[in-house]
Structure formats: structure tokens, C-alpha cells
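**Student:** give me coordinates for this.
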Amino acid sequence: MDYTPRGTDRPCVFCAIVAGRSPAHVVLRTEGVIAFLDTHPLFPGHVLLVPTLHVQTHDDLPLALAEEWLRSSQRLQRAVEAATGSEGALLIVNNVVSQSVPHVHQHVIPRTRGDGLRLWLGPRGRYRDDAEAAEVAARVRAALPADA
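**Tutor:** Predicted coordinates for the structure are as follows:
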């Protein structure tokens, strides 16, 4: 599929890479996933992991592909750290909001203490009290879909 299910008529750039119509510096390819260097990396070695099947969001990733996705993510994290001499890695999956390409992808970003990356996850706050936290937790539990 070259188009996203949310109605855009823009071709999917990741599907073009999967199909070989667009160039990429591929570091891993299997039947189910492909990983390649980000063209605008935060740091050298910043890799994107993408399913070869066009899937827009994390929650649409087929469970049959989830094990390969996780295994590949772990392999990539270790490889990126080793190849770049980094101390760790930042793993990010944006889902709709801040998702610049509407094809699910995980960023594997090499990190070293003092590398200058400032991640602002705010505004952050506290629950008013334990009762409010319990009520929010109960709403989330109630909204959980049945295990598939």
C-alpha cells in the first residue's frame, strides 16, 4: 500500500524505501522489518525501524509481527550502541501526534551522557491526591481492550 488509511493522498516514503523505489542506507532487512539510517539524525547512527507492511500506528501493528519487531529493536539498540560507542540509546515511537511519516516507526538514537540532547516531556505535574490517581488508573483499566 502506498497511501495511509487516514485519507491522505501523499505517497508513503517508508513504503517507497521498502519497495526499493527510494534510496536508504539499510542496516537490517528481514521479511517483516527494515531498518535504515534517519536522513536527519539527532546523532550519527540514528536508525529507524519500520515494518515492511504498511501500518500507520503502533496499535495497528499485527501481533504476528510484534515479536520480530521487538527482537529487531533489541538487536538494533545493541548494534547502534556498539557501532557509535554510545552509552545507551533512546527508543521512541510517535503515534499520530509528532509522527512525521504516517507509517509506524521506531527511532533508535545513540545517547551519551552530556551529548546535549534535551528532551522536554512536559508540562508535567502531580495528581491532586491519591484518590485522583486511583480514579485515573481505574479509567485506564476499564478502557483496556480484551486481550487478543
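**Student:** run the chain-centre distance for the longest helix seen in the chain.
**Tutor:** For the chain, the helix with the greatest residue count under DSSP state H is helix 63-84. Distance of helix 63-84 from its chain centroid, counting by C-alpha atoms, centre = their mean, to the nearest Å, is 11 Å.
**Student:** what does the next helix or strand after that helix rub up against?
**Tutor:** Next along the chain after helix 63-84, taking DSSP states H and E as the criterion, comes strand 88-92. Applying C-beta atoms under 8 Å, 6 or more residues apart in numbering, the set of residues contacting strand 88-92 from outside is 73, 77, 80-81, 106-112, 117, 119. (Each C-beta comes from the backbone N, C-alpha and C, glycine too.)
**Student:** tell me the one of those residues nearest Gly125?
**Tutor:** Leu119 (17.4 Å; C-beta to C-beta).
**Student:** look up which helix or strand the closest one falls in, please.
**Tutor:** Counting by DSSP H and E, Leu119 is part of no helix or strand.
**Student:** how near is the nearest residue to it once chain neighbours are set aside to Leu42?
**Tutor:** In space, and not counting its chain neighbours, Leu119 is closest to Leu90: 7.5 Å by C-beta to C-beta, 6 or more residues apart in numbering. Leu90 sits 8 Å away from Leu42, taking C-beta to C-beta, to the nearest Å as the criterion.
**Student:** need the residues touching each of those two.
**Tutor:** Residues touching both Leu90 and Leu42 by C-beta under 8 Å, 6+ apart: Ile109, Leu117.
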